[in-house]
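1. Quick one: sequence and predicted model below, then my questions.
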Amino acid sequence: MQMPESRNVPDSKPGTRAFAWVLGLFLVPFLFLGACFAAPYLLVLRWRQQRREDALKSLMKSRGRFISWQEFVRAMRESGGTCIEERFSAKGPVRFWWTPENVYDKSPHASIDWFTMRKGGRYVPFIHWCRDRYTRAEGGAAVLVETWGVPKKEIYALWAECRPEANKARWIEVAPPEIVPNQWGK
């Protein structure tokens, strides 16, 4: 069997490869500079978020609207109610609130999963209703749950217990109004 002849075909225009190398060498310092600014910026953002969460926790403690994880688990198993998981993004932060009410029964609005809810649309009234009635720092009815140091698998185990068939303890994920596109000026 005879092999086909290979031709000497240029892969690009003359000078293109040299231009790519020069451009690459020119851009590398900008990438390093960007990384040098991005890392501290992200640290400052995380620090600010943690300060806000600590301030909210202190406020809720001072108002008697704060419970430990153990008290929360006991209340969910004994008397039911609803855990409101207020999720700011897929990676956090996440706030857990508890109310003895069944949020699904009380809500005058339709609700859906967090991922769809965060995009806004027709579920925005539910988001604002939930904030006004339960998770608002000034006058909401739900209590903030301390989850610092609680393993994720323990949180997921409790979530798995809160099936609609149980009809005692419920779990709902809610997008906070801060992350929802502003459609109605609220």
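-> Now that the structure is in, tell me what you want to look at. Since the model is a prediction, treat every value here as computed from it, not as a measurement.
2. I'd say residue 97 and residue 137 touch.
-> No: when contacts are counted by Cβ atoms under 8 Å, residue 97 is not listed as touching residue 137 (11.0 Å). Placement of C-beta: from N, CA and C, glycine included.
3. and residue 123, what pLDDT?
-> Listed pLDDT for residue 123 reads 86.
4. same check, this time on residue 14
-> Looking at residue 14, the pLDDT reads 66.
5. ok, now residue 77?
-> At residue 77, pLDDT is 90.
6. Bridge partners for the closest residue to it other than its chain neighbours, pull those for me.
-> Nearest residue to residue 77 in three dimensions, chain neighbours excluded: residue 169, at 6.9 Å (Cβ to Cβ, 6 or more residues apart in numbering). Here residue 169 shows beta-bridge partners residue 81, assigned using DSSP bridges.
7. so residue 169 sits right up against residue 159, yeah?
-> No: under the criterion of Cβ under 8 Å, residue 169 makes no contact with residue 159, lying 9.9 Å away.
8. Between those two, tell me which one has more neighbours.
-> residue 169 (22 against 14; other Cβ atoms under 10 Å).
9. measure the more buried one to residue 175 for me?
-> 22 Å (Cβ to Cβ, to the nearest Å).
10. Also residue 128?
-> 11 Å.
11. more crowded one of the two?
-> It is residue 175, of residue 128 and residue 175, that has more neighbours when counted by other Cβ under 10 Å, with 26 against 16.
12. quick one: contacts for that one?
-> By Cβ atoms under 8 Å, 6 or more residues apart in numbering, the contact list for residue 175 reads 86-87, 114, 117-118, 127.
13. Tell me how far residue 107 lies from residue 125.
-> 10 Å.
14. Tell me which of residue 97 and residue 137 has more neighbours.
-> In terms of neighbours (other Cβ under 10 Å), residue 97 is the more surrounded of residue 97 and residue 137; the figures are 25 against 13.
15. Which strand or helix spans the more buried one?
-> For residue 97, the host element (DSSP states H and E) is strand 94-99.
16. Show me what that strand pairs with in its sheet, parallel or antiparallel.
-> strand 81-87 (antiparallel), strand 143-145 (antiparallel).
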